[in-house]
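Peer 1: what would the 3D arrangement of this be:
(chains A and B)
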2 protein chains.
Amino acid sequence: MFKELESAQVGATEALAAALDHLAYNDDGLVPAIAQQFDSGEVLTLAWMNRPAIEETLATGRVCYWSRSRQTLWRKGETSGHVQRLKELRIDCDGDSLLLLLDQTGPACHTGRPSCFYVRVEGDRVKVISEQLVDPTEVYGDEAPKAPEV
Amino acid sequence: MFKELESAQVGATEALAAALDHLAYNDDGLVPAIAQQFDSGEVLTLAWMNRPAIEETLATGRVCYWSRSRQTLWRKGETSGHVQRLKELRIDCDGDSLLLLLDQTGPACHTGRPSCFYVRVEGDRVKVISEQLVDPTEVYGDEAPKAPEV
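Peer 2: Below you'll find the predicted structure:
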């Protein structure tokens, strides 16, 4: 189906259900999903979705991923309150990745930083480039994640 | 190593080589890499890199991925001329994905569109939202990709 859309004109449509059928899920049934703040354009995180996560996100407008570490649906912000409200969901040319334009409440990263991409390569070093806006131990309490949700 | 950086102050550094050692490569030795136009913030594509692709990209300033379909290093634009010049490479909190801020020459997508994310969900349909800036058969000639480089 995505092959047919490659040469389609602007405005051409297909059924959503067919598109979700034809996504190129990996062996675990997942596709990577890029979370981008809709107005600033900041890339916040890369997470993973299965079909139920995509369907729930579209149905509720609140972003739900699949947690690979916990092997369960992961409603972003359910502990921290740092929810993501979906503005728009896009699919790439070959149906193997997603772009979520969304409105992030609070920091996106479990470390308390606005974005998960806070380590920059500079020459032969990598450097932390953003500060923690909140203390994760205050946000997550005893449930502070030992490892990020992945 | 990424665990230690979670609570680090802005400006804290580690060796690049150690960071590349500690990336959470998948079973195929790959990490997903988000390509974002450095000035407009447009997300262009999601591709994959192994360590040699990362090292070549950092050494040359020209973005090189790993082509999963061809199982070889893929110097973006080597056929089309639509190269990507790296501005900045960032690593996420748990070292399992990359963000490339870059300057894209021409369209990023093999279909001739500026971005690979040109299919938008609208209700129970998906819709093509951007037009082809170039004819891929003119760009790729007889080598026009049957499937995108993935």
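Peer 1: contacts only, for the residue of chain A found nearest chain B.
Peer 2: Of all residues in chain A, residue A:41 sits closest to chain B, at 2.8 Å by C-beta to the nearest C-beta. Where C-beta positions appear, they are placed from N, C-alpha and C, glycine not excepted. By C-beta atoms under 8 Å, 6 or more residues apart in numbering or on different chains, the contact set of residue A:41 is B:40, B:41, B:42.
Peer 1: does the last one touch residue B:35 like I think?
Peer 2: I take that to be residue B:42. No. Contact criterion C-beta atoms under 8 Å: residue B:42 and residue B:35 do not qualify, at 9.6 Å.
Peer 1: between those two, which one's more packed in?
Peer 2: residue B:35 (24 against 16; other C-beta atoms under 10 Å in any protein chain shown).
Peer 1: picking that back up, Three-state assignment for the residue of chain A closest to chain B, please.
Peer 2: Following DSSP: H, G, I helix; E, B strand; the rest coil, residue A:41 is assigned to coil.
Peer 1: show me what stretch A:114-123 is in contact with.
Peer 2: Contacts to stretch A:114-123, defined as C-beta under 8 Å, 6+ apart, come from residues A:42-46, A:104, A:107-109, A:111, A:126-130, A:133, A:148, B:2, B:5, B:13, B:16, B:19, B:58, B:88-94, B:97, B:99.
Peer 1: for ChimeraX, what selects the buried ones among those?
Peer 2: Buried residues within those, by 16 or more other C-beta atoms under 10 Å in any protein chain shown, are selected in ChimeraX with:
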select /A:42,43,44,45,46,104,107,108,109,111,126,127,128,129,130,148 /B:2,5,13,16,19,58,89,90,91,92,93,94,97,99
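Peer 1: among the contacts of stretch A:114-123, which are in strands?
Peer 2: Among the contacts of stretch A:114-123, the ones falling in strands (DSSP state E) are A:43-46, A:104, A:126-128, B:13, B:88-91, B:99.
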